[in-house]
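Chemist: Build me a model:
(one chain, ligands or ions: 1)
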Amino acid sequence: MIDLRSDTVTKPTPGMLAAMMAAAVGDDVYAEDPTVNELEARVADRFGKEAALFVPTGTMGNQIAVRVHCRPQDEVLLEASSHVYLWEAGAPAALSGVTVRTIPGRYGVLDVADLEPHLHPDDMHSVRSRLVSLENTHNRGGGVVYPLDKTAAVCAWARANGLATHLDGARIWNAEVASGVGPREWARHFDTLSVCFSKGLGAPAGSALVGPKDLIAHGRRVRKLFGGAMRQVGFLAAACLYAMDRHVARLADDHTNARLLADAVRDVPGLALVPPQVETNLVWAEVSPELGTAKAVAGRLKEQGVLAAALGTTVIRLVTHLDVSRADCERAAAAIRGLVR
Ligand SMILES: *Cc1c(COP(=O)(O)O)cnc(C)c1O
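Modeler: Sure, this is the predicted structure:
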């Protein structure tokens, strides 16, 4: 099976496994795991921030950020299809007592003009506008790179209005490779960012929250509260270090392979790429009724040895990653073209 459901399905490579086996470990709750400490220092430096916190998942990284920036009765401004709102199980409300203002964007991208009308006045009747959260690359937006000039403009507007800023950078690595804009240039606009090692980079688990020392220290208390303080997790941190050192540049291959799949999608009447251009490793397509439901299309691809994700009744997603080769994607492209009978 060629598994294109997600870039989370990768298994550790032999080199990564060897690095994990060789890791020096200790109790990270005592801050005594040397590999976790190294990872936190290296990630902070890579993104030009003071500190970082190793967390089990991207969801926890984002939700610790919500918690350290906000208090109950505060509001987060974010794009309507952002992961923090759509795919994190209602956590801002459940874990932090904050509301979210969901603002429809264009493939996940918001401009200052989209945000401006949603800033609440300082009034006891209102929630307090407190945090702007952006996502890069934007998953539901189709793997779109959030343009740097828009990033800078939104964050400058937020700061001018006393709002904190957070970036869900689960796939910031893909944005770096696709745009040529480096990690510090992306990160410097935000107070905090979260990054995932278990998506395109291929680690089995692990994310980090990156930001100023005081917020990360607060985040460490919240991580304990959320149940994410772990013990000898240097084994995982070693996989993350390995992934960060060796699996970023190769994301360019995933992007090339995704464009190959996108070309096949374009050849199928009844499938429409949304957005029409594929910038990174995510290929989202709308299925028209003449072709059947998303589930039916995924079923037909599966018969040809290709796993696609049916997300909702009319949308499929294909994702390239470390464990699918150029040849796999050529076979998958043929299977997609085969949907035309
Ligand atoms: C996957 C993902 C996350 C984090 O997901 P976890 O499964 O909790 O690690 C966060 N943001 C985006 C955009 C993602 O795609």
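
Chemist: tally of neighbours for Met124?
Modeler: Met124 has 6 neighbours, counted by other C-beta atoms under 10 Å. C-betas here are computed from N, CA, C, even on glycine.

Chemist: Apologies, that question was intended for Glu116.
Modeler: 10.

Chemist: for Ala152, same thing?
Modeler: 13.

Chemist: ditto for Val315
Modeler: When neighbours are counted by other C-beta under 10 Å, Val315 comes out with 16.

Chemist: Likewise for Ala310?
Modeler: Ala310 sits with 19 neighbouring residues when counted by other C-beta under 10 Å.

Chemist: what bridges to it?
Modeler: According to DSSP bridges, the residues that bridge with Ala310 are Ile316.

Chemist: you'd agree it is up against Leu318?
Modeler: No - in this structure, Ala310 is not within contact of Leu318 by C-beta atoms under 8 Å, at 11.0 Å.

Chemist: Quick check: closest non-adjacent residue to the closest residue to the ligand within the stretch 151-300 of the chain.
Modeler: Taking C-beta to the nearest ligand atom as the measure, the point where the stretch 151-300 of the chain comes nearest the ligand is Ala170, at 3.5 Å. Nearest non-adjacent residue to Ala170, counting by C-beta to C-beta, 6 or more residues apart in numbering: Cys196, 4.1 Å away.

Chemist: check contacts around that neighbour.
Modeler: Cys196 sits next to 58, 61, 169-171, 206-207 when contact means C-beta atoms under 8 Å, 6 or more residues apart in numbering.

Chemist: Return the subset of those residues lying in helices.
Modeler: 58, 61 (DSSP state H).

Chemist: Pipe the contacts of Cys196 into JSON lines and attach pLDDT, distance to Thr102 and neighbour count per row.
Modeler: As requested, the contacts of Cys196 are exported to JSON lines (pLDDT from 0 to 100; distance: C-beta to C-beta, whole Å; neighbours: other C-beta atoms under 10 Å):
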{"residue": "Gly58", "pLDDT": "98", "distance to Thr102": "19", "neighbour count": "27"}
{"residue": "Gly61", "pLDDT": "98", "distance to Thr102": "20", "neighbour count": "30"}
{"residue": "Gly169", "pLDDT": "98", "distance to Thr102": "20", "neighbour count": "31"}
{"residue": "Ala170", "pLDDT": "98", "distance to Thr102": "19", "neighbour count": "28"}
{"residue": "Arg171", "pLDDT": "98", "distance to Thr102": "21", "neighbour count": "29"}
{"residue": "Gly206", "pLDDT": "98", "distance to Thr102": "28", "neighbour count": "26"}
{"residue": "Ser207", "pLDDT": "98", "distance to Thr102": "23", "neighbour count": "26"}
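
Chemist: Residue of the stretch 51-200 of the chain closest to the ligand, please.
Modeler: Counting by C-beta to the nearest ligand atom, the stretch 51-200 of the chain gets nearest the ligand through Gly58, at 2.4 Å.

Chemist: Which helix or strand lies directly C-terminal to the helix or strand that Trp186 is a member of?
Modeler: Element membership for Trp186 (DSSP states H and E) is helix 183-187. Later in the chain than helix 183-187, the nearest helix or strand by DSSP H and E is strand 192-196.

Chemist: List, one by one, the residues from the stretch 201-341 of the chain near the ligand.
Modeler: Taking C-beta under 6 Å from any ligand atom as the contact definition, the stretch 201-341 of the chain meets the ligand at Ser207.

Chemist: hey, where'd the strands end up in the stretch 201-341 of the chain?
Modeler: 207-211, 271-273, 282-287, 306-307, 309-310, 315-319 (DSSP state E, counting those that start in this stretch).

Chemist: right, so these: which one is the most enclosed?
Modeler: Greatest average neighbour count among the strands of the stretch 201-341 of the chain goes to strand 207-211 (a mean of 29), per mean count of other C-beta atoms under 10 Å.

Chemist: Export that one to PDB, keeping only CA atoms.
Modeler: In PDB, the C-alpha atoms belonging to strand 207-211 read as follows (Å, rounded to 0.1, in the frame of the first residue of the first chain):
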ATOM      1  CA  SER A 207       6.800  18.600  19.200                       C
ATOM      2  CA  ALA A 208       8.200  21.700  20.800                       C
ATOM      3  CA  LEU A 209       6.900  25.100  22.000                       C
ATOM      4  CA  VAL A 210       9.500  27.800  21.400                       C
ATOM      5  CA  GLY A 211       9.500  31.400  22.900                       C
END
